[in-house]
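1. Generate coordinates for the sequence data below:
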Amino acid sequence: MKLLCFPFSGATNYSYRPFQDHLEKSIEMVAYELPGRGRRFSEPLLENIHDMADDLFHHTESIVQNEPYAIYGHSLGTTLGHLFTLKIIEQKLPRPAALIFSGRSALSVPSSHPDRHKLSRKDFVVELKRLGGCPDEVLENEELMDLFEPVLRADFKSIELYEYERAPKYDIPLTILIGEQDEDTCFPDAEKWQEVTSRKIRVREFSGDHFFIFDQAAEICREIEAALHNEKNRPSDRTEKVETTACA
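-> Next comes the predicted model:
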């Protein structure tokens, strides 16, 4: 089984490497990066999320047509995963065995930070520190920020200008994972992902901020594995948040 990993803002194909030590051998992780970073640094950045989804489709089409696969996406990667899935269905290609999304409320929930891509550098750095996931050594280095800031702004712009449109529900299992201390998500808003699939979704809340996935890599991989196996093999509900909390 191929696990297609779609990027969060600023991610490269190395960003999900911590997962490799925890996934069972039957699952092959295939991480993708968008233009303008990593091995694709010389390519022009994309600022439209539909263009990004088309780019991912172009680079994964051979796998989709010939091998069983599932999709994992974090933050920006959840929206890319959703749009990618709609494109797969439109093209009448084999559908993913499962979708596992983390770090984002349902797409119908308005963003609480709609204009981050327009912030001054000073305020942009403050916002990046709030989100976590970017080392202070990068944020405090002017030369490194000259490289990374355009990438992050392009990614933020793509998601902040995205307008959600309802589509027919797909019949695909969907797991949603969020961080308890992530100020941009909450359990009730995560439950609204039910809007996109006819299957009953699973929502689990972990301790941690927006990038809880790296502090909880082993548990995240357990959830991915569970999503690809029968329901009886899912982790015990004792580790799942049962009572929801109100959104701030």
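
2. CA only for contacts and neighbour counts going forward, please
-> Fine.

3. which residue is nearest the middle of the protein?
-> Nearest residue to the geometric centre of the chain (C-alpha atoms, centre = their mean): residue 74, 1.9 Å.

4. Quick check: residue 51 is in a helix.
-> Yes: judged by DSSP: H, G, I helix; E, B strand; the rest coil, residue 51 forms part of a helix.

5. neighbours around it, how many?
-> Residue 51: 13 surrounding residues under other C-alpha atoms under 10 Å.

6. cool, residue 178 as well?
-> Neighbours of residue 178 using other C-alpha under 10 Å come to 29.

7. Surely it and residue 78 touch.
-> No: using C-alpha atoms under 8 Å, residue 178 is not in contact with residue 78; the gap is 11.7 Å.

8. Overlap of the contact sets of those two?
-> Shared contacts of residue 178 and residue 78 (C-alpha atoms under 8 Å, 6 or more residues apart in numbering): 102, 104.

9. This structure: strands as residue ranges?
-> In the chain, the segments counted as strands under DSSP state E are 2-6, 28-31, 69-74, 99-102, 174-179, 202-206.

10. rewinding a little: from what I can see the residue nearest to the centre of the chain touches residue 4, true?
-> No: using C-alpha under 8 Å, residue 74 makes no contact with residue 4, being 11.7 Å away.

11. Can you pull out the low-pLDDT segments for this protein?
-> Along the chain, the parts satisfying pLDDT under 70 run over 230-248.

12. returning to what we had before: quick check: beta-bridge partners of the residue nearest to the centre of the chain?
-> The residues listed as beta-bridge partners of residue 74 by DSSP bridges are residue 102.

13. and it, what does it touch?
-> By C-alpha under 8 Å, 6+ apart, the neighbours of residue 74 are 6, 7, 8, 101, 102, 103, 104.

14. Now do the second one against residue 78, distance only.
-> So that's residue 7. Separation of residue 7 from residue 78 (C-alpha to C-alpha, to the nearest Å): 9 Å.

15. Kindly report the same for the fourth one.
-> Applying C-alpha to C-alpha, one obtains 5 Å for the distance of residue 101 from residue 78.

16. Give the residues shared as contacts by those two.
-> Residues touching both residue 101 and residue 78 by C-alpha under 8 Å, 6+ apart: residue 72.

17. what sits in contact with each of residue 74 and residue 4?
-> Residues touching both residue 74 and residue 4 (C-alpha under 8 Å, 6+ apart): none.

18. and stretch 137-157, how far from the chain's centre?
-> 20 Å (C-alpha atoms, centre = their mean, to the nearest Å).
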